[in-house]
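**Student:** here is the input, now give the coordinates:
(2 chains)
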Amino acid sequence: MSDRRKGISEILLEQGVRVASRAARVVLEDPRGQEALAAAVGAAQKGRRQLEEVQGKVLHAAGLPTKGDYDDVAKSMARLKRKLRDLAKKVDEDRKR
Amino acid sequence: MLFASPEWLEAVVREVNGHADLPRALAGLGPDLAAVVERDATAFPRGAAAWGRHEGGRIVCWRILEAEYDVLELEPAYVVRAPLAVWRDLLRGRADPIQAALSGRLKVKGDLDGLVRRAGYRYIVDEALRRVTTVFPGEVSG
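**Tutor:** A predicted model of the protein is given here:
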């Protein structure tokens, strides 16, 4: 798409991403910048985990399922699907004998 | 070799394991990682997932997973996930993994700060990939 067809917000966003990308490259090339970026990312992830913990406590108190509960269900379903797949393979092998 | 095939993965792991700097790069990282290529209706309809575990400074087990949902059961320390086009750019050296992760094009589950700290070791994977011919779906091998 040409710049003429894009909206101002799109052009600004693209330019912003380009500038941020260049800045990130400069930061990553310097070991001190790399360490600072790692620390910032670590802090952000820690903050998100803490927020999720609080959210979980609130949801549990209200008798609602949390993200962790959904993850547990997804994991159990994955295990069941894998067991079914293994079983189907065994049945196929037995039939071939 | 076809990208995300068992032969391709084995060749890449063999090259990576042969690098003298690998133990330093892996020290302190979580024990295992899964990489997921997201399904794409036209370019990559089945998707793909690979898993690997390191120990003693080298990758000791790896495999292409039969289904993406196997990742949920394995619960690896890191899960990196992206569409085929993003993987192609990363593997061809046209995109930076850290920038891709920070921009959300590459989704990372696990401690991203540990991976950012090891960004300087990217050359290990780059060198390994240069030695393994990678053919992406839709490309003609030549």
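**Student:** would you mind naming what in chain A lies close to chain B?
**Tutor:** Within chain A, the positions adjacent to chain B are A:17, A:21, A:24-25, A:28, A:31, A:34-35, A:37-39, A:41-42, A:45, A:74-75, A:77-79, A:81-82, A:85 by Cβ under 8 Å from any Cβ of the partner chain. (Each C-beta comes from the backbone N, C-alpha and C, glycine too.)
**Student:** mean confidence (pLDDT) on stretch B:78-93, please.
**Tutor:** On average, the pLDDT along stretch B:78-93 is 94.
**Student:** put the alpha carbons of it into CSV.
**Tutor:** Taking C-alpha atoms only, stretch B:78-93 is exported to CSV below (Å, rounded to 0.1, in the frame of the first residue of the first chain):
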residue,chain,number,x,y,z
TYR,B,78,10.1,-21.6,27.4
VAL,B,79,7.6,-21.6,24.6
VAL,B,80,8.3,-19.5,21.5
ARG,B,81,5.6,-19.2,19.0
ALA,B,82,5.2,-17.4,15.6
PRO,B,83,3.7,-17.7,12.2
LEU,B,84,5.8,-19.3,9.4
ALA,B,85,6.7,-15.9,7.8
VAL,B,86,8.2,-14.7,11.1
TRP,B,87,10.3,-17.9,11.5
ARG,B,88,11.5,-17.6,8.0
ASP,B,89,12.7,-14.0,8.6
LEU,B,90,14.4,-15.0,11.8
LEU,B,91,16.1,-18.1,10.4
ARG,B,92,17.2,-16.2,7.3
GLY,B,93,18.7,-13.5,9.5
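**Student:** mind listing what's buried along it?
**Tutor:** For stretch B:78-93, a neighbour-count test (16 or more other Cβ atoms under 10 Å in any protein chain shown) marks B:78-84, B:86-91 as buried.
**Student:** tell me which of those residues fall in helices.
**Tutor:** Among these, the members falling in helices (DSSP state H) are B:Leu84, B:Val86, B:Trp87, B:Arg88, B:Asp89, B:Leu90, B:Leu91.
**Student:** what ranges do the helices span in chain A?
**Tutor:** Using DSSP H, the helices found in chain A span residues A:8-29, A:31-61, A:67-96.
**Student:** and chain A, is stretch B:118-137 touching that?
**Tutor:** Yes: using Cβ under 8 Å from any Cβ, we find that stretch B:118-137 touches chain A at B:Ala119, B:Gly120.
**Student:** if you count neighbours, what's buried in that stretch?
**Tutor:** B:Arg118, B:Ala119, B:Tyr121, B:Arg122, B:Ile124, B:Val125, B:Ala128, B:Leu129, B:Val132, B:Thr134, B:Phe136, B:Pro137.
**Student:** what do you get for stretch A:61-72?
**Tutor:** A:Thr66.
**Student:** then that stretch to CSV, C-alphas only?
**Tutor:** The C-alpha atoms that make up stretch A:61-72 are tabulated as CSV, following Å, rounded to 0.1, in the frame of the first residue of the first chain:
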residue,chain,number,x,y,z
ALA,A,61,-12.9,-15.5,46.2
ALA,A,62,-15.9,-14.8,43.8
GLY,A,63,-16.1,-18.5,43.0
LEU,A,64,-14.9,-18.0,39.4
PRO,A,65,-12.2,-19.9,37.5
THR,A,66,-8.8,-18.3,37.0
LYS,A,67,-6.4,-18.4,34.1
GLY,A,68,-4.5,-21.0,36.0
ASP,A,69,-7.7,-23.2,36.2
TYR,A,70,-8.2,-22.9,32.5
ASP,A,71,-4.5,-23.8,31.9
ASP,A,72,-5.0,-26.9,34.1
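**Student:** enumerate every residue touching B:Glu75.
**Tutor:** A:Lys75 (Cβ atoms under 8 Å, 6 or more residues apart in numbering or on different chains).
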